[in-house]
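Chemist: Sequence and predicted structure below; questions after.
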2 protein chains.
Amino acid sequence: MPLEYSISQLSKEFDTTTRSIRHYEDIGLLSPSRRGQARVYSPADRTRLKLILRGKRLGISLEDSREIIDMYEPGKTNLDQLKKLIDAIQQQRTKLNQQLDDITKLLKDLNKAETDCVEALKSKN
Amino acid sequence: MPLEYSISQLSKEFDTTTRSIRHYEDIGLLSPSRRGQARVYSPADRTRLKLILRGKRLGISLEDSREIIDMYEPGKTNLDQLKKLIDAIQQQRTKLNQQLDDITKLLKDLNKAETDCVEALKSKN
DNA sequence: AACGAATATTACGTTTACGTCAACGTAAAG
DNA sequence: CTTTACGTTGACGTAAACGTAATATTCGTT
């Protein structure tokens, strides 16, 4: 496991574009260090990117992703800050469970659609 | 269960807007019948809307939703049409399983974040 | 008949999440 | 020293998914 990554390395690894990664930086979701003016990404940066993209696949907006990701940051040891976080986590959990429900339903529907298709194919022979 | 619905009824039931519902019609995802110029939605229309919104919650684009939803339509008994559908279903299933994976991982992360928070809170007392 | 509530159409505006140049710096290879 | 590959910063463009008037119509009620 490398200790640092270039922007194109990450874009390839996660099948995204350098433009997107820079965009995430533009809106403050990433802040890689620099060597000269070139971006240098740490494993931690890479993890953040991974989380962002995972969120994307779940239809989570970048704005919302920021909140979620910030939860994992240490040093957020302010007291009522913590309570806020716990609350946010609850909300996210609710949303995710809803999605889980949606997905199982969709998978069920897909299964039915498929068997229907297969049946229809059979009856053609 | 009613035999028909008005646009505002549906917008309330599914917590969306009449504008959105009309938009779905604009792009051909819905085609309710009319009484005069007023839209009249059948239970089938309602189901389609439900599927659209479920897809939305999963970050599925309206364009992709169209494909999925059309799978449920009967009368698609063209032969290689069917094979295409089965293929599309497979792809969707793959994507959904990926999402399932993402979600379980996120939920795990959220659990950890939460216990961390709670721990942090305890240590403050 | 007049009114308000619901619905309609038309059309322009907005937000999100990037795509797509253009113009230039940098560093290793031939 | 030039090519090649990769990187940078603007700046403008765009597609999707609606929001938001503005205006007109319809329909049951006073």
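Modeler: Cool, got the structure.
Chemist: quick one: contacts for the residue of chain A found nearest chain B?
Modeler: In chain A, the residue found nearest to chain B is A:Gly59; the distance is 2.3 Å by CB to the nearest CB. Any C-beta I mention is one placed from the backbone N, CA and C, and that applies to glycine too. By CB atoms under 8 Å, 6 or more residues apart in numbering or on different chains, the contact set of A:Gly59 is B:56-60.
Chemist: switch to 10 Å and redo it
Modeler: A:95, A:99, B:55-61, B:99 (CB atoms under 10 Å, 6 or more residues apart in numbering or on different chains).
Chemist: Please report how far it lies from DNA strand C.
Modeler: 9 Å (CB to the nearest atom of the strand, to the nearest Å).
Chemist: need the strands for chain A, in chain order.
Modeler: Per DSSP state E, chain A carries strands over the ranges A:33-35, A:38-40.
Chemist: Quick check: A:Glu13 touching A:Leu49?
Modeler: Yes. Between A:Glu13 and A:Leu49 a contact is recorded at 9.0 Å, counting by CB atoms under 10 Å.
Chemist: Please identify which of those two sits among more neighbours.
Modeler: Comparing A:Glu13 with A:Leu49 by neighbour count (other CB atoms under 10 Å in any protein chain shown), the higher total belongs to A:Leu49, at 24 against 12.
Chemist: In space, what's closest to that one - neighbours in sequence excluded?
Modeler: A:Leu10 (6.0 Å; CB to CB, 6 or more residues apart in numbering or on different chains).
Chemist: and the one you found, how many neighbours does it have?
Modeler: For A:Leu10, using other CB under 10 Å, the count is 22.
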